Each structure stands twice: as C-alpha cells, then as structure tokens.
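*Asks:* The sequence and its predicted three-dimensional model are supplied below.
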Amino acid sequence: MKPQVYSIAAHRGFADALVAGLIPRYREDHFGLARLTLLLPSRRAVRTVTEAFVRASGGALMLPRMAVVGDLDLDETLGPVFDPLGMEAGAVAAPPAVDPTVRLLILSRLLREELAAEAGASVPGEAALLRLARGVGETIDRLLIEEVTPERLLDPAVIGLVGDLAEHWRVATRLFARVMLRWRAELDARGACDAPERRNRLLHGLAQRWRAAPPAHPVVAAGVTSAAPAVAGLLRVVAELPGGAVILPDLDLALDDAVWDALGHAGAPAEDGQVFARGDIVTHPQYHLKLLLHRMGIARGEVQPWHRAGLSPARPARSRAISNLFLPPVASAVWATLSADERNLGGVRLMESAHPGEEALAIAVLVRRALAVPERRVAVITPDRGLAERVIGHLQRWNIAADDSAGRPLPQTAAGRLLLLLAETWAERAAPVPLIALLGAPLVRAGEGRPAWLDRVRKLDLALRGPRPAPGVLALRDHLVKVRRPDPDLIAWWDDVALILAPMLAIDDALPLADALALLVETAEALCGEGIWAEADGRALAMFVEDWSAAAGDPMVAETAVDPAELPALLRDALDLVAVRPPYGGHPRLAIYGLIEARMSRADLVICGGLVEGTWPATPGTDPVLAPAVLRALGIPGADFRIGLAAHDFAAALGAPEVVLSHAARDISGPTVPSRFLLRIRAMLGGGVHEEIDAVLWARGIDQADRMPPSPRPQPMPSAEQRRVDIAATALDRLRGDPYQFYASAILRLSTLDPLDADPTPAWRGTAVHAILEAWHAAGAPPGELVPLAERALAEMSAHPLMRALWQPRLIAGLLWVEEEQERLLGEGRQVVAYERWGDITVRGVRIKGRADRIDRLPDGTLAIVDYKTGSPPKARMVEEGFALQLGLIGLIAADGGIEGVSGLPSRFEYWSLSRRKDGSGFGWCDEPIRDGRKRSGVPRDEFLPITRDYLHDALDRWILGSDPFTARLNPNLAGYSDYDQLMRLDEWQGRDVQRLDGAGGDA
C-alpha cells in the first residue's frame, strides 16, 4: 500500500486545517471520530488540537483518542512513558523506566567515585556534581534517542577521533564512558531502563504489532516531526495502515529539488554510515524534516499536500515567500530576481523598540488594540520569559488577564522562593540579607497577624543595618541587646523566631539530603503553616520535595550528604527545571506561548517577541561531556541542530494572516544583534519592509508626562527658631563647606541608612578603631596589649572578609605605631588626661559640643589635642580656610573648661593617622596643621584657637543666628560627603549655569 503522508503548508494553520480535514474524512455516524487514534507530539499539542475540534464542531462532538509519541524538541521526548500505547499494542516487553531523580543522584554518586579514584583529580561539591550528572544524563539520553549503544564509543574511528582532541575532551570522554558502563550495570541490577530506551522499545514493539496485525480502527500521526529512529519507524508503519496517515507541519513541497539536495546528507544511506555530513545545513528549517523522511524511507515526492485550511489562513503566496526566505546562502542569490508575489510578505510588520521595557509595552498595546475587534484571536510567542512577564504586567492596566502557557520557573514563585530563602538563611548562618528576605516573604505569617509581624521585621531590618554581625541566632540576639536603643518587644519577638530557626541553624556539618529537605519543610511549615502548599506553586513544590526525598532514600542511591552551604545552589538548579503552568482563566482570545507551546497553534494576529541573537534563536550550547566531533561521528545532532528547530518555529509563526516581528535595539548588556531571521527578511525585501511604528509611539507616549523644569539649587530658609540648633565639633566643617548638608542632618534630622551586610565604611572603621583605643586606655594602656585587644575586638565584630584581608593587617601595623609612640611620649613626660570624653560650651546662646579622641598634658602644663584618623588627615590648607575645624573646636571647649577633668590651654593640635606614611616606610604617623618651618599652608600655632573662634562666630552670624540660606554645595570644589546628594537633586542642577545666589530662599 502506498504510504499516506501529507504536509500542511504554513499559511493554512496546522491545528485548524488538520481538524478541518479529519472531521469529513473520519466522521461516520455516531462514533466515527471516536474510533480514530490521533498520535500527537506533546501534551500541549493535545490541548491545541482539542481546542481546534471545539472551534470546528459547532456543537457536540466525540473526540478521537489522542496519545503523545514525540516532539520537535528532543528534551521534551525524554521523560514521557508510553504505557497507554504499550497496553493497546499488547504487553510490549519493556522494563520500567528509572525515576529521573533517582537516576540523577546515582549518576552523581558514580561521578564522585570515579573522580575520587583518579589521581590528581579534585572532587567538586554536591551541587557541582549534580550539575555534571545532569549533563551526563542528557548526553546518555541523546545517545539512547538515536539508538547509539555504549559499545559505539569503543569503535576504532571514535577512539581515533578522541585521541586527536584536546586533553580536557579526552578526560571528559573517558569519564563519560566509565560512568555510562557503570550506569548500565546499575540498571541491570534494578531491572529497569532509561526512559528513552523504554520509549524506543514501546514504539518498536507497537510498530511490529501494527505491521503484523493492523488495528481495527484508523490511526493518524499529526505534527510529529521528531526524527528519532523509533519514532520514524512507527510513523512509516502508520502511513501504510488502512485508513492511516502521517501529517507533517510545514514541509516545503515547492522547494526546488536542487535546494532540497543542497541541505545535505540528513540521514540518507551512506557508505561511511554517517548520519550528519560535515557540509549539512542543519540550521535550515527543513533539515530535520528531511532527516525524518529519510528515516521513514519516504521521498519528498511521495508527500501530498493537505488541501484543507483552518479558520485563519493566510494567502497561499505566504508559504512561497517563507520558502524563499530560508533559501541556503548560495541559492539565496535568486532573491535579486524574485517577482513581487514570490517575496510577498504582506501582513508581516517589523517592530523595533529602544529597549525590552518599551518592547513589552508596545506588544501589550498591539494586543489591546487587537482584542477590541470581536472574535479576533491573538498569540504572543517569545522564548524570553522575562519579556512575557512584562507583557502580562502591562496588560493588567486594561484588566486583561493573561497567562504565560510556558509557565514560570518554580524559584520565581512565592513557594519556591521561600524554600530557597530558607536554604540561603541556613547556608549563611542567618546573615541579615537572606534572613530579612525570608521573614518578609509573602507566605510567612499570612493572615490577620501579618501587619504586626511585618512591623517587627522592619524593626529588625533597621537594627541589622551596617556590617554583618556574628553568625547564629544567639549572636543576633546579642546584637539586638547592644544596639543604641534596645527594643524589649523586638527582642522578645526575635526569641520566638529563633526557636523556629534554631533546629536548622544548629547544624553546621553535612547531612543526608533527605534530612536537609525535611528540616527545610519543617521550618517552612512553622513559618507559613499549611498555606505554603495551598496554591499551584505550593503543590508543585510539594511534589518536588516528595520526589527528591523519595529519591534520596532509594537503597541504590547511597547516602547523599550535602553541606548546608551548598543547598542554595543545589536547590536552585533543581527548582529551575520545574515550571509552574497556570490553570485556565485568562482572556479566551489571548495566548502567550513559548516556542514549544506555540507549535501547531494559530491566531489572527501573531506577535513574535525577543527576536535577537542569543534569544531567538538561542545561542547553541556545547555538550559538556562529548566533543562536537565525537557526537557527529556517533550520529547525534549537534548544537546547531536546534537553530534549525527555532527557524522552523519562526517559519510556522510567519504563516499567520497578520504577524508582527519585534525586537529591542538594546538590552541591559548593551546593543543587541537582531535575529538572523529578521536580517533575512530585510535582505530579501530590501526597501519593501513594513514597519510597525504606531505601537512604539503609543508605548512611548502612554506614560509620558509633561516635561518638568529641572530643580533649582536648593537654598532652604528655615525660621530663626529652627536655626538655633547645637553644633557638633565635626559639623562646623559641614556647615561652612556645604550648608545644605548641615541643614538636612541637624535641622531636618535626616540620617542615612546603611545597607544590610554593608561593607565597612570609613566611618565604621573609625568607630571600630576608637572603640579599640578607648578599651585600651580604659585598661591603663598596658604595653603589648593593644594589638591582641584589637584582634579580639575585630573577631567579635564578625568583620567583612575583605576588611580582614586588606584592612586588618594595616590597622594592626598602625596600632603598633600608636603603642610605640605612646611609650616614647610617656618617656618625655607627656600624660594622657582624657580619652573619648564628651564636652560642650555655650557661645552666644548656642551649644557647641564634641568628643575628644584624646587629650594629653605636656610637660609645660599645656594641652595636646589628638584626633585619630584611620585614613589621611585633612590638608593644612583645609584647616587654614576653615573647612577642617574639629581640632580647634575641641581645643576651644577644653580651654573654656567644657571637658570634665581637663584644664589648661591647648598648644598642640595633632592628627594621629594609622595610614601608610608618605615615604612608604610603614604605617602610622603624626602631623599638625601648623604653619611653621618650611610649611606654606596651615595656621600659626598661637593663632590656631583665635582663628577657629573667628570661623565659629562667622558661621553663627550667617546661618545659626543670621538669615543666610543653607545653600547646597556652596563650595562646589570642596570634597565632602554625598549623603544628601539625592535629596538636593544634585544631578538636576549641577553643571548648569550657576544661578545668582541673591539670598532668596527655596525648598529642599
């Protein structure tokens, strides 16, 4: 019997055209269609064809039986178990398939043992091993799909090829061969097989049974284009069955024979047995179909066109234009001579946006406009899930509910993110960032008590700002007790939280994976209750935990011990493979697809988004185990083969009546390269490309507000009462240098918040050094004790690793100099009379306050004011110009008796810096901003206090007791703090012509 093989052209719409032909062909009275068995490529295809039957039926209709046998994307054909077909075929002998998670864990164990046995090889952690095991499993599956046995690796041609490869490929190939052979032995011991092997056995057995005894009712295979040998063999049998047929999508029957031949070898019988020749054009959208036909033993001339069309067909000329669009490089020379009909892509528009955000909004505008037309169906197709999420978000502004049929990775859902946050909190020993994110997660304490819970989480957030405290729940409690203003309510609340986290955080060592998952689940339920499992993502997470826990307890897995520090990476890799697909409930005429989900679908308007290189088509990934040359020798499709599949998906989308092809000119990494498919369209059409401009203009204008004039330089004018504030010794410099910063901090009382897990800032380092020196002086400044005291203090602070590596050694060297200098000065009769002591005086009704780092009494009875600096001290010119007056103000307070226990007139004003000396000879040095000897800048010693007093009175006259505005960046060339740059909107006015400072006030 002549094989019945058909092709549905791209312009007809596969699913609707298929149903339009099946109904009159097989619909007998009552049960005709119900007796038909329809073989489809994926579960998504079953849903698509079912919807097409509903649209075409016009009423009640008994559907055919539908079964899944394969898919264009090889990855999607690995897992399905084809037992329904096996039962129908009559007990085909096939052992059960091994659980995929069990297989992954066993492969990880085999890799660990093999790497441990290799001399000089290092065994990575469990997360990295599972990553490698995943790659090994995928390679095994690729071999099994192509029915390549392990013995082929020992073929002399393959061995000779491996010997010519780089060393890392040779090592990887040998490791793979050993692991694969051991894995086959494991399978034999279990009496099981891999899922692809089971599928092959089922399909081969089914083909043999149907060949020997054809089924009583017709069988049709539709849309199945996987070229796996087992699938191709079954399709050949189906094509020859009575009433049977094979219906292929988008096989180009009009392509010239010379071009068809130019696509390459594609599995045709050859003397060398090679499936893929070196010159094959595997990136062509017809290549995998040619491979399938060769494996079916069908010539392209035997394929018949399917003459039925769906509900939304395009013009027939569209298919011819698509065929010409994808001509191979040599054949594409005919583009210059093509007639208008042969390159007609009417109804196809190209849309370029500035960036992905604008692209998503422009796509949403197109969708909104199309859905306003009754009965008009819209499909958005993109492999970029981030773009799909943005489109869904923008559609919500018009109350259009849309779901991404490709699903969301489980880590991006509330339940999956919670599990990862628990693992990160455990791995980092309750570090502030993961801890706050965990306690504030949406599922934690959901319900009536959540507002009160979040109030305490915010308080904890504020209390943990700054460098990371010591690890563990007890250390965090100590930190909360030691903050400036301890909150008893917060501490009591933290005690309750600590009881929940303590069982998990008490374990530092590696533990079995099943036990680790049980601890995470127990903690999650203690925080969230049963609500964590309530929604679709929670149910998917529950299945994930159950599968992995059961697999980890399998007798042949052996105990998989995992370090808590590796749990986040291990779980993220595993959870990323779980997609949470939405239930029905979105707009009935709108679908958002990934590439796999879009196959066989059709709509009146199809919008293809994310058409840039690296996204559509995706960047080909190299097999991590076997070199490309080895894969080619074994007859395994290479990485470029997937570009051909992506091209086929693109060609199918182009068959819609109206198509918009969208891409962004830039993304977060810089300029993008438009997809090679778009470049082909522009090259073939030349100046005849239709551009979609309106949607982009709408996207740019929909949120565009009137242009606001830039903010002027702030010159706030508080009232006289508001101006009368205390002046700290460290704040006078800020008042004179940048009055606005003084206004923001002293009058508005705004202070910056350190980030969580902050790097040690200069201010923090200074505070740490002052605390160390204060403790040392309080102990009597014993010789030789400063450095040990500093080491203990820094260890207790759980300082940042970068600080320990870079700053601590310098600090220790500087402190050694302080200790030596102290001993030298004591020998000269100098005595410490005060350290870290507060003092104040009142000048013209204004309180001047400050803390002296240290004050010494000199042998002549005068005082030396000492200011410790962890970095370089202010330049002498800064002191001279009145922008570094801390030493002078402390001197004024001391001279006026404002510091308890200190009396006398200051005569020395010293900066003790712990930084590297100017000559590079070591750390620690002393300097005075005094102009004497060869110094050309600074203040004369006997004028130091009078000049400081003059600057103080000037500031009082102008800002505190006067009426000058607190002008932002009054001295723009003066280096200073940037804490309030955003508040003063610096970027809006800095660099423009400086306005006249005429004393007029303004708002901050």
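*Replies:* Everything's here; your move.

*Asks:* Beta-bridge partners for residue 842, please?
*Replies:* Applying DSSP bridges to residue 842 yields these beta-bridge partners: residue 847.

*Asks:* I'd say it and residue 892 touch.
*Replies:* No: contact criterion C-beta atoms under 8 Å: residue 842 and residue 892 do not qualify, at 11.7 Å. (Glycine included, C-beta is placed from N, CA and C.)

*Asks:* Of those two, give the one with the bigger neighbour count.
*Replies:* Shown here are residue 842 and residue 892; by other C-beta atoms under 10 Å, residue 892 has more neighbours (25 against 12).

*Asks:* show me the residues around the residue in the chain sticking out farthest from the centre that make contact.
*Replies:* In the chain, counting by C-alpha atoms, centre = their mean, residue 860 sits farthest out from the average C-alpha position, at 66.9 Å. Contacts of residue 860 were listed using C-beta atoms under 8 Å, 6 or more residues apart in numbering, and they are residue 907.

*Asks:* And the one 5 residues further on, by the same measure?
*Replies:* Residues counted as contacts of residue 865 (C-beta under 8 Å, 6+ apart) are 852, 855, 887, 890, 891, 894, 906, 908, 909, 910.

*Asks:* Keep only those of those that are in strands.
*Replies:* The strands, defined by DSSP state E, take in 852, 855, 906, 908, 909, 910 from the contacts of residue 865.

*Asks:* farthest pair in these?
*Replies:* Spatially, the most separated pair among the ones in strands among the contacts of residue 865 is 852 and 908, at 13.2 Å (C-beta to C-beta).

*Asks:* The two: which is more packed in?
*Replies:* Shown here are residue 852 and residue 908; by other C-beta under 10 Å, residue 852 has more neighbours (26 against 19).

*Asks:* these two touch, right, residue 406 and residue 579?
*Replies:* Yes: using C-beta under 8 Å, residue 406 is in contact with residue 579, at 6.8 Å.

*Asks:* Which one of the two is surrounded by more residues?
*Replies:* Neighbour comparison, residue 406 and residue 579: the larger count goes to residue 406, with 22 against 16 (by other C-beta under 10 Å).

*Asks:* Could you say which helix or strand holds that one?
*Replies:* Applying DSSP states H and E as the criterion places residue 406 outside every helix and strand.

*Asks:* which residues touch it?
*Replies:* Going by C-beta under 8 Å, 6+ apart, residue 406 touches 385, 388, 579, 581, 592, 593, 594, 596, 597.

*Asks:* Most neighbours out of these, which is it?
*Replies:* Sorting the contacts of residue 406 by how many neighbours each has (other C-beta under 10 Å) puts residue 592 first, at 30 neighbours.

*Asks:* How about the contacts made by that residue?
*Replies:* Taking C-beta under 8 Å, 6+ apart as the test, what residue 592 contacts is 379, 380, 382, 388, 391, 392, 402, 403, 404, 405, 406.

*Asks:* on that earlier part again, any chance of the ones in strands among the contacts of residue 865 in TSV, plus distance to residue 144?
*Replies:* Formatted as TSV, the ones in strands among the contacts of residue 865 follow (distance: C-beta to C-beta, whole Å):
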residue	distance to residue 144
852	79
855	82
906	87
908	85
909	82
910	79
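
*Asks:* Output the below-cut-off pLDDT ranges for the chain.
*Replies:* Applying pLDDT under 70 to the chain picks out residues 29-31, 59, 70-93, 119-120, 269-273, 312, 584-585, 796-804, 992-1004.

*Asks:* how about residue 868, secondary structure?
*Replies:* Secondary structure, DSSP: H, G, I helix; E, B strand; the rest coil: residue 868 is strand.

*Asks:* is it true that it touches residue 771?
*Replies:* No: in this structure, residue 868 is not within contact of residue 771 by C-beta under 8 Å, at 11.1 Å.

*Asks:* who has more neighbours, the two?
*Replies:* For the pair residue 868 and residue 771, the greater number of neighbours falls to residue 868 (21 against 14), based on other C-beta under 10 Å.

*Asks:* what about the closest residue to that one other than its chain neighbours, distance to residue 899?
*Replies:* Using C-beta to C-beta, 6 or more residues apart in numbering and skipping residues adjacent in sequence, the residue nearest residue 868 is residue 853, 4.8 Å away. Distance, residue 853 to residue 899, using C-beta to C-beta, to the nearest Å: 12 Å.

*Asks:* same thing with residue 123?
*Replies:* Separation of residue 123 from residue 899 (C-beta to C-beta): 63 Å.

*Asks:* Compare these two (neighbour count), which wins?
*Replies:* Between residue 123 and residue 899, counting by other C-beta under 10 Å, residue 899 is the more crowded of the two (23 against 15).

*Asks:* Let me see the contact set for the more buried one.
*Replies:* Residue 899 makes contacts with 834, 837, 838, 839, 852, 855, 893, as judged by C-beta under 8 Å, 6+ apart.

*Asks:* same check, this time on residue 243
*Replies:* Contacts of residue 243 by C-beta under 8 Å, 6+ apart are 26, 217, 218, 219.

*Asks:* thinking again about what came up before, just the contacts of residue 592 now: which is nearest residue 295?
*Replies:* Looking across the contacts of residue 592 and measuring by C-beta to C-beta, the closest to residue 295 is residue 406, at 29.3 Å.

*Asks:* what's in contact with stretch 957-973?
*Replies:* 713-718, 720, 723-725, 727, 735, 737-740, 742-743, 747, 844-846, 883, 956, 984, 986, 990, 997, 999-1002.

*Asks:* And the buried ones among the residues you listed, selectable in ChimeraX?
*Replies:* This is the ChimeraX syntax for the buried subset of these, where burial follows 16 or more other C-beta atoms under 10 Å:
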select :713,714,715,716,717,718,723,725,727,735,737,738,739,740,742,743,747,846,883,956,984,986,1002
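
*Asks:* circling back: tell me if I'm right that the residue nearest to residue 868 and residue 770 touch.
*Replies:* Yes: look at residue 853 against residue 770 with C-beta under 8 Å: they come within range, at 6.6 Å.

*Asks:* Find residues that contact each of the two.
*Replies:* Common contacts of residue 853 and residue 770 (C-beta under 8 Å, 6+ apart): 836, 868.

*Asks:* More neighbours: those two, which one.
*Replies:* Applying other C-beta under 10 Å to residue 853 and residue 770 shows that residue 853 carries more neighbours, namely 24 against 17.
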